[in-house]
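>>> A predicted structure for the sequence below; I have some questions about it.
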Amino acid sequence: MLNDQLDILVVDDEESIRIVVSQVLIDDGHRVTTAESGEQALDLISKRPFNLVVTDIRMSGMSGIDLLKKIRSINSSAEVVIITSYGSMDSAIQAMRDGAYDYLAKPFESLHAISSVAARVKDKIRLSQENNELNEKVRTYNSQLKRANQELKELTTIDSLTNLFNKLYFHKYLESEFIRSRRYEHAVSLFMVDVDNMKQYNNKYGRLRGDDLLCFLAELLRSGIRDTDVACRYGGEKFAIIMPETRKDDAIVLAEKIRKSVEDYPFVGQETQPDGTVTVSIGVAGFPCDCEEDLEIVQLAEEALLEAKRSGRNKVAAASLK
């Protein structure tokens with residue numbers, strides 16, 4: 001943050017002007033360096049930054065206008081004040097168009113004008129720094145807000161136990177996928193997955209061990225489908241998988257692979273389950289072969305899942321054709 005001092009460079013080929021301007025600024029508490037030419041000033045500027053450069057507009061060698069332009073290319077944040085005579089006011093105006101902050105007319109009517117222009121520069125720099133700090137706070141706030149919104153979105157779409165999508169997201173995605181599939185005449189398939197004898201497992205090992213089983217199962221489902229498929233926890237021990245651009249026959253093949261991978265997985269405590277293993281039942285339905293609406297495909301997949309359960313569990317059942 002800027003303190004009460006400015007680092008000021010006074011440039012003039014007249015020693016008397018350099019002395020007068022420098023002394024006023026030193027008396028005001030600023031740190032002042034002097035240069036007797038534009039070339040010397042550029043050498044100093046290349047070595048250290050200055051908040052303010054006060055330069056005569058007409059000097060032997062490099063002019064104040066040329067020095068202004070070079071300063072702008074080296075340090076765009078440095079403010080430049082032009083010293084000009086009353087007879088060359090047009091040049092001063094042009095200098096301000098080229099980026100000078102202000103001008104001082106000589107002979108000076110009052111030395112207070114020198115102090116005043118430095119004070120205005122200091123205020124401008126302070127306000128600019130405060131604005132930058134405010135902008136940084138806004139960027140930080142926006143970044144935090146973006147992260148918070150992302151976390152909120154995940155909380156509303158992600159199941160906290162399995163990290164699969166939740167039932168709310170399932171219905172939103174399925175609805176949008178049906179709209180897309182109807183528009184482009186693509187197939188879409190859905191299968192519902194339910195853990196067999198889950199109540200028996202929970203009664204034997206407790207809910208925490210049952211939650212572990214669901215997490216392992218979720219990972220099996222995630223690893224067993226394509227990147228374009230969407231796996232969701234539908235509720236309890238039931239899962240749903242949406243398969244865009246997939247015919248029902250192909251979905252049945254994948255469902256069977258998943259059923260077998262679950263049957264073969266060495267779940268903890270599976271020896272106490274019927275047949276000594278953890279299994280799932282799966283119901284499959286497809287669009288457009290079985291239905292026309294998203295809610296209808298859910299109902300048909302649920303009915304097929306019940307059929308898989310009724311027929312002995314650890315099976316894949318498909319919805320009946322319309």
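Perfect, I can see it now. Numbers count the residues shown, from 1 in each chain.

>>> show me what contacts Gly311?
Not Gly; residue 311 is Ser. Ala317 (Cβ atoms under 8 Å, 6 or more residues apart in numbering). Where you see a C-beta, it was placed from the backbone N, CA and C, and this is true even at glycine.

>>> Can you tell me how far it is from Ile297?
21 Å (Cβ to Cβ, to the nearest Å).

>>> same question for the lengthiest helix in the chain, mean pLDDT?
Counting residues, the longest helix found in the chain (DSSP state H) is helix 112-157. Mean pLDDT, helix 112-157: 87.

>>> hey, which helix or strand in this protein has the poorest pLDDT?
helix 89-97 (a mean of 79; mean pLDDT, DSSP states H and E).

>>> what about the longest helix of the chain, distance to the chain center?
In this view, helix 112-157 has its centroid 18 Å away from the chain centroid, taken as Cα atoms, centre = their mean, to the nearest Å.

>>> Could you identify the helix or strand that succeeds it?
As assigned by DSSP states H and E, the chain's next helix or strand after helix 112-157 is helix 167-184.

>>> Check which helices and strands that following helix is in contact with.
Packing partners of helix 167-184 (3 or more Cβ pairs under 8 Å, 6 or more residues apart in numbering; DSSP states H and E): helix 112-157, strand 188-195, strand 230-235, strand 238-244, helix 294-310.

>>> Which neighbouring elements make contact with the second one?
Looking back up the chat, that one is strand 188-195. With contacts defined as 3+ Cβ pairs under 8 Å, 6+ apart, strand 188-195 has these neighbours: helix 167-184, helix 207-224, strand 238-244, helix 248-264, strand 280-287, helix 294-310.

>>> Okay, angle between it and helix 248-264 too, please.
With axes from the mean of the first three to the mean of the last three Cα atoms, to 10 degrees as the basis, strand 188-195 and helix 248-264 are set at 20 degrees to each other.

>>> tell me which strands and helices the next helix or strand after strand 188-195 is in contact with?
As assigned by DSSP H and E, the chain's next helix or strand after strand 188-195 is helix 198-205. Packing contacts for helix 198-205, counted by 3+ Cβ pairs under 8 Å, 6+ apart, involve helix 207-224.

>>> in the helix it packs on, what's buried?
Residues 210, 212-214, 216-218, 220-221, 224 are the ones in helix 207-224 that count as buried (16 or more other Cβ atoms under 10 Å).

>>> ok and that helix relative to helix 198-205, angle-wise?
130 degrees.
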